[in-house]
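J.: Any chance you could fold what I've pasted below:
(one chain, ligands or ions: 1)
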Amino acid sequence: MRVLLVEDDKLLAEGIEVALSLDHYVVDSVDTGEHALHALENEQFDLLVLDLGLPGISGYELLTQVRNNKNMTPVLILTARDHIDDKVKGLDLGADDYLLKPFDVAELKARMRALLRRPGGDRTPELVINDLSIDPQAHRVTRASKTISLSPKEFALLHELAMHKGRILSKEQLTTLVYGWSDDPDSNSIEVHIHNLRKKIGAGIVETVRGVGYRIDTQS
Ligand code: CA
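T.: Got it, this is the predicted structure:
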């Protein structure tokens with residue numbers, strides 16, 4: 001699950017990043033609305049966590065532009081308690097939920113999970129491929145009812161391939177989907193993770209399309 005965090009408070013942004021990455025989110029962080037717009041134009045995120053008080057273009061302006069661009073990525077706004085009216089304005093402009101600062105990171109995570117469960121932002125139903133099932137919420141994979149323990153990257157790769165079932169995803173696409181900007185993966189890291197993933201889940205699920213990429217076939 002890929003999250004774009006727009007927050008100009010460096011310490012807070014770092015804290016959120018660390019907390020979310022422990023829950024296996026891939027978090028990319030920017031400190032201005034301009035950078036956020038650029039990122040949203042070029043890449044796909046599952047959720048946008050947006051501080052309203054930003055230097056340069058404000059969180060409101062950013063939100064307005066995002067929705068004007070027909071980008072319906074779920075948005076969770078962060079706002080200071082003394083700007084409580086802001087939340088109403090934010091929701092009017094198309095935010096999906098809000099959180100007042102200071103907040104507990106457990107609450108942030110709970111709100112995020114709720115947004116990701118919603119239709120439109122629904123990336124969390126259990127995925128089933130033959131006798132393999134993937135529960136993104138619990139981060140659990142079972143095959144023939146036996147639980148399989150995967151590393152976060154192995155899980156993310158399996159989840160993305162299952163979400164795009166029937167489609168071939170190239171190494172580059174998979175890299176974009178499972179790594180954030182601050183990660184610096186080796187050029188063969190996707191191959192290594194796929195290799196390990198296959199060893200753990202067994203044969204017949206993830207197919208290599210030589211020279212193109214990987215796929216979970218719809219026939220599987
Ligand atoms: Ca701020």
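
J.: Would you mind measuring from residue 54 to residue 27?
T.: In this view, residue 54 and residue 27 are 17 Å apart by Cβ to Cβ, to the nearest Å. (C-beta placed from N, C-alpha, C; glycine too.)

J.: Name the residue of the protein that lies nearest to the ion.
T.: Of all residues in the chain, residue 53 sits closest to the ion, at 3.7 Å by Cβ to the ion.

J.: Verify the stated contact: that residue with residue 77.
T.: No: counting by Cβ atoms under 8 Å, residue 53 stays clear of residue 77, with 10.4 Å between them.

J.: helices or strands next to the helix or strand of the chain with the lowest mean pLDDT in the packing?
T.: Between all helices and strands in the chain, the lowest mean by mean pLDDT, DSSP states H and E belongs to helix 84-92, at a mean of 82. Counting contacts by 3 or more Cβ pairs under 8 Å, 6 or more residues apart in numbering; DSSP states H and E, helix 84-92 packs against helix 59-68, strand 75-80, strand 97-101.

J.: so can I have a markdown table of those showing mean pLDDT?
T.: Output for these, formatted as a markdown table (pLDDT from 0 to 100):
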| stretch | mean pLDDT |
| --- | --- |
| helix 59-68 | 94 |
| strand 75-80 | 92 |
| strand 97-101 | 92 |
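
J.: contacting residues around residue 213?
T.: By Cβ atoms under 8 Å, 6 or more residues apart in numbering, the contact list for residue 213 reads 168, 169, 170, 171, 173, 174.

J.: Which ones among these lie within helices?
T.: Residues of those located in helices (DSSP state H): 171, 173, 174.

J.: Any quick ChimeraX command for the buried ones out of these?
T.: A single ChimeraX command selects the buried members of the ones in helices among the contacts of residue 213 (16 or more other Cβ atoms under 10 Å):
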select :171,173,174
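
J.: Am I right that residue 28 sits in a strand?
T.: Yes: membership of residue 28 in a strand is supported by DSSP: H, G, I helix; E, B strand; the rest coil.

J.: That one against residue 176, yeah?
T.: No: shown here, residue 28 and residue 176 do not form a contact pair, counting by Cβ under 8 Å, at 10.6 Å.

J.: Find the residues that touch each one of these two.
T.: Jointly contacting residue 28 and residue 176 under the rule Cβ under 8 Å, 6+ apart are residue 43.

J.: Please work out how many residues are found near the residue of the chain closest to the ion.
T.: Residue 53 has 16 neighbours, counted by other Cβ atoms under 10 Å.

J.: Could you report the distance from the spatially most distant residue from the centre of the chain to residue 201?
T.: The C-alpha centroid of the chain is most remote from residue 82, which lies 29.8 Å away (Cα atoms, centre = their mean). As judged by Cβ to Cβ, residue 82 and residue 201 stand 51 Å apart.
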